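Trainee: model this:
(chains A and B)
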Amino acid sequence: MSAHADTHAHDDHGHHHKETFVTKYIFSQDHKMIAKQYLITGVIVMGIIGILMSLMMRMQIAWPEEPNVIFEALLGKWAPDGVMDADIYLALVTIHGTLMVFFVLTAGLSGTFSNLLIPLQIGARDMASGFLNMISYWLFFLSCVIMILSFFVEFGPAAAGWTIYPPLSALPMAQGGSGMGMTLWLVSMAIFIASSLLGSLNYIVTVINLRTKGMSMTRLPLTIWAFFVTAIIGVVSFPVLLSAALLLIMDRSFGTSFFLSDIFIQGEVLHYQGGSPVLFEHLFWFLGHPEVYIVLLPALGITSEIIATNSRKPIFGYRAMVMSILAIAFLSTIVWGHHMFISGMNPFLGSVFTFTTLLIAIPSAVKAFNYITTLWKGNLQMNPAMLFSIGLVSTFITGGLTGIILGDSALDINVHDTYFVVAHFHLVMGISALYGVFAGIYHWFPKMFGRMMNKNLGYIHFWVTAIAAYGVFFPMHFIGMAGLPRRYYTNSNFPLFDDVANANVLITMFALLGGAVQLVFLYNFVRSIFYGKKAEQNPWKSNTLEWTAPVEHIHGNWPGEIPHVHRWAYDYSKPGHDEDFVPQNVPLYDGEEELQH
Amino acid sequence: MTAFLTIIIVLFIAVAIWQMVKIFDLAQVGASNNQVATDKDNKINGYLMMGFLVFIYVITILSFWYLGDLPLVSNSASEHGPQIDNLMIISMVIIFIVQTFTQFLLHYFAYKYKGEKGRKALFYADNNTLEAIWTFIPVIVLAGLIIYGLFTWTSIMNIDESEDPLVIELYAQQFNWKARYGGEDNTLGMANVRLIDIDRANILGVDESDPNAQDDIITTELHLPVGRPVLFKMRSQDVLHSAYMPHFRAQMNCVPGMITQFGFTPTVTTAQMRERDEIKEKVANINALRAERKEEIEEKGQELLYEFDYLLLCNKICGKSHYNMQMKIVVETQEEYDAWIKEQKTFKNSLTN
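Mentor: Have a look, this model is predicted:
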């Protein structure tokens, strides 16, 4: 009876809101459509731009100051005769970092998968506020447009590094990019942060309030735990970056001295007095470090789900996984100083931050070992999503381990700002999070588009990407250990580093290979949207609720009543059941015991 | 040209991948293909996992083989250098062991338990003992590393002024370095960028009325007497810079508006370092590589022949010519140093009119 009433109510609902093209595809308030919008804008478009920039940088590093047709075509006036300009190199460094960290791996990753999965996996009709969700996406879109526009202003985009340390970022006379380009960067980021905060608040409220009957916090899939905690970290730390950006805008435009003092540049003394650039570094990294986990935790959540499903085994140590997510989240807010050991801050503070930083290795190690144990005695289904998840664990270990060198203040003195750092963070957060994005796309593509992606293309995509990723970033650690500083336009003024020049060429080759193989993915992605094999309702035989919803997207997710939840998400290969999976909405049979978590 | 060729090669690879995919697709026509992994896929990818493990090991070995001289871990030239190097080596050994072991488990399990139709996985959700083990082992290892690290850090950063260190100011500006010595009294005169007077060649903003400033000496090369503690006071006039002296395991940011500091004791003179076998080998190797690029290097007007020198590099993004902001460091005997410093002009005498 109640099911009938619900259906009726829903029909009614659909009847009143006739959808037009604009409300369905552009100003949509449906979480599934917004997820797709984030995917296309954040991951696909911004990702392509970000990767192209990194390839141009790599070519410049390998063949410094050589004319290159690609530079001439893509950079125009900033590559006269095809030779890249030193200013634009720094701009590429800056915008590549900004796009990848914020636009692709924060908004793209969380925006796509939190939006898609939170309502579907907790059993909700939509986000708590569909309207805020729509506003969040369109603010994000606006910030993307402004950031890209900054390439077309007279002196080029911001070029002070993605960390935009003042005074370099504050003084237009310090470099070309610190004029209009920097203004646009700050405006874009302020809008981006507003978007991110609206999104995060929505995720938090939805998870707390809209869980279906029986979906207790201890039955939540690990994906949701990860998205939930990520949103909390975002709400805690992004406002601090916003304040830093606003103070920087004041210093730049209204003559205040928050971050500036005693400056003589281009033959004149500026009026600034009493501020400190180190203050900016504190504010920046108070977001900047949690940001690493804003990027990484959703990827780990996605991986937990995919590894369990494709191993046909429960995730090992569910409780420990949740605890480690919480521990990482807490610790991530008290380690920012490890980016500032040699910034001139009191060495005693350095000791404190070394201590808290190295503690993070403990929950991280627990996660890695739990993933490995989940594979043990499983029945592994090697779908592309599974390969990317295993790949993530591999790069997470390789990249994470060098963190114990960088987190150690005494060792950081020497490797700070060298290519060692570049290799470390690209593996542990860049590549790992990107693998999480890819795994998520392959796994939930049928849910998003009702069709399957081609698996063979997926295999080629994974294996070539995996080889390229290690080929690029593994030797890069050694170049860093030769003392080569990052962000150098060319190393040719330092004969000291001539013996790593060949290694740099090899790395660039791997990078180009890795970039090229993304075209395979792009082709697979676009083709599958239109011509992919039609998906079954539950292609991966998964337990979570999104696979109980029909393949065709409907407003409100389930045609009838929302399914109720009777068990956790990881009853794979449970003794006493015929199938090797038991969806969460299947009631316990008489005498069946639920695992206590 | 090389760049162009590479791009062509990459394009060819892309085309090759494209063709391979077509073959894969054609081979599957007719098979019940719902794009979910079959036993055959599991098997192939399981083997590839083992292949990838080998790839990781090979790339590790090759990296050590070709790039393994690790200048940041060997031939340090300061008193605290070996302390950092030891800690670095211990950390690297731990990393190497954990990396080899965990990557093996991950990829081996992925191969060993590749799926087969009809087999059921083990329902194994929890084991507190196991989890306690891999919580406490990292705790113990990290506790050791943290304690060792903090002792090292504290001993490096605590500067003992009673040892009468030689005080030198490192002054950074876009895009070069200056050094200022305290002179006879080993005391730096007061300075502020507001006192800069380009017309009178007071480029560092040294206070002309400060008696301590009169005998200060400003140079564009950094000379250090071997064996004497040096205390660097860093200043910057415009943006952030970082004074990076990799051979001495030393680095500190230069921040406008404040004075930062770092101290160390150089232990090996430039001449001694040049005579070391590893350095000789490295220099010979670099010169062989440079000989291959002779024309290009001479076109740029650089010296073809490389000779080993200690360097101070800027290691914080500071603008357009960040990549070429460097200063030569010479470590020499006390006598050589005394002779050199005597030739330099004092601040008082360097001012024009």
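
Trainee: any idea which helix is longest in chain B?
Mentor: helix B:81-112 (DSSP state H).

Trainee: same for that one, what does it pack against?
Mentor: The contact analysis (3 or more Cβ pairs under 8 Å, 6 or more residues apart in numbering or on different chains; DSSP states H and E) places helix B:81-112 against helix A:361-375, helix A:384-401, helix A:403-406, helix A:409-415, helix B:39-67, helix B:128-157. Backbone N, C-alpha and C define where each C-beta goes, glycine included.

Trainee: which SSE is immediately downstream of the longest one?
Mentor: The reference is to helix B:128-157. strand B:166-173 (DSSP states H and E).

Trainee: relative to helix B:128-157, how tilted is the longest helix of chain B?
Mentor: 160 degrees (axes from the mean of the first three to the mean of the last three Cα atoms, to 10 degrees).

Trainee: for helix B:81-112, buried residues please.
Mentor: Within helix B:81-112, the residues scored as buried using 16 or more other Cβ atoms under 10 Å in any protein chain shown are B:81, B:83-85, B:87-88, B:91-92, B:94-95, B:98-99, B:102-103, B:105-111.

Trainee: likewise for stretch A:322-335?
Mentor: Buried, per 16+ other Cβ under 10 Å, within stretch A:322-335: A:Val322, A:Ser324, A:Ile325, A:Ala327, A:Ile328, A:Ala329, A:Leu331, A:Ser332, A:Thr333, A:Ile334, A:Val335.

Trainee: circling back to that earlier point, centre of the chain to the longest helix of chain B, how far?
Mentor: Here the centre of helix B:81-112 is set off from its chain's centre by 20 Å, with Cα atoms, centre = their mean, to the nearest Å.

Trainee: average pLDDT for that helix?
Mentor: The pLDDT scores in helix B:81-112 average 96.

Trainee: could you check the angle helix A:384-401 makes with it?
Mentor: Taking the same axes, to 10 degrees, one finds that helix B:81-112 is oriented at 160 degrees with respect to helix A:384-401.

Trainee: ok, back up a step: so for A:Ser54, which of the helices and strands packed on helix B:81-112 sits nearest?
Mentor: Closest approach to A:Ser54 among those (Cβ to Cβ): helix A:384-401, 16.4 Å.

Trainee: that closest one close to chain B?
Mentor: Yes. Contact between helix A:384-401 and chain B is present through A:Met386, A:Leu387, A:Ile390, A:Val393, A:Ser394, A:Ile397, A:Thr398, A:Leu401 (criterion: Cβ under 8 Å from any Cβ of the partner chain).

Trainee: any idea of the mean pLDDT in that helix?
Mentor: Mean per-residue pLDDT for helix A:384-401: 97.

Trainee: tell me the gap between that helix and the middle of its chain.
Mentor: Between the centre of helix A:384-401 and the centre of its chain there are 15 Å (Cα atoms, centre = their mean).

Trainee: with stretch A:454-469 instead?
Mentor: 20 Å.

Trainee: for chain A, what's its nearest residue on the stretch 151-300 of chain B.
Mentor: B:Gly257 (2.9 Å; Cβ to the nearest Cβ).

Trainee: how about the closest residue to that residue other than its chain neighbours, secondary structure?
Mentor: Distance criterion Cβ to Cβ, 6 or more residues apart in numbering or on different chains; nearest residue to B:Gly257, sequence neighbours excluded, is A:Ser261 at 2.9 Å. What DSSP: H, G, I helix; E, B strand; the rest coil gives for A:Ser261 is coil.

Trainee: interface residues of the stretch 201-350 of chain A facing chain B?
Mentor: Residues of the stretch 201-350 of chain A lying near chain B (Cβ under 8 Å from any Cβ): A:260-265, A:267, A:269, A:272, A:274-278, A:311-320, A:342-344, A:347, A:350.

Trainee: which helix or strand contains A:Glu72?
Mentor: Going by DSSP H and E, A:Glu72 is in helix A:69-75.

Trainee: near chain B, anything from the next helix or strand after that helix?
Mentor: Next helix or strand after helix A:69-75 toward the C-terminus (DSSP H and E): helix A:86-98. Yes. Interface with chain B: helix A:86-98 contributes A:Ala86, A:Asp87, A:Leu90, A:Val93 (Cβ under 8 Å from any Cβ).

Trainee: distance between helix A:86-98 and the chain's centre?
Mentor: For helix A:86-98, the distance to the chain centre is 19 Å (Cα atoms, centre = their mean).

Trainee: isn't B:Thr219 right up against B:Gly183?
Mentor: No. Counting by Cβ atoms under 8 Å, B:Thr219 does not reach B:Gly183; the two are 11.6 Å apart.

Trainee: more crowded one of those two?
Mentor: Higher neighbour count among B:Thr219 and B:Gly183: B:Gly183, with 21 against 18, using other Cβ atoms under 10 Å in any protein chain shown.

Trainee: excluding chain neighbours, what is closest to that one?
Mentor: Using Cβ to Cβ, 6+ apart, the closest residue to B:Gly183 is B:Asp215 (3.1 Å).

Trainee: low pLDDT regions in chain A?
Mentor: Within chain A, the segments meeting pLDDT under 70 span A:1-18, A:596-597.

Trainee: how about the strands in it?
Mentor: Secondary structure of chain A (DSSP state E): strands at A:264-265, A:268-269.

Trainee: quick one: which of those strands is nearest A:Phe521?
Mentor: strand A:264-265 (45.8 Å).

Trainee: report the contact partners of the one residue in the stretch 251-400 of chain A that gets nearest to chain B.
Mentor: Nearest residue of the stretch 251-400 of chain A to chain B: A:Ser261, at 2.9 Å (Cβ to the nearest Cβ). Applying Cβ atoms under 8 Å, 6 or more residues apart in numbering or on different chains, we find A:Ser261 in contact with A:Tyr272, A:Gln273, A:Gly274, A:Gly275, A:Ser276, B:Pro256, B:Gly257, B:Met258.

Trainee: most neighbours of all these, which one?
Mentor: When neighbours are taken as other Cβ under 10 Å, the top entry among those is B:Pro256 (28 neighbours).

Trainee: surely that residue and B:Gly205 touch.
Mentor: No. Between B:Pro256 and B:Gly205 there is no contact under Cβ under 8 Å: 11.7 Å.

Trainee: between the two, which contacts overlap?
Mentor: B:Val193, B:Gln237.
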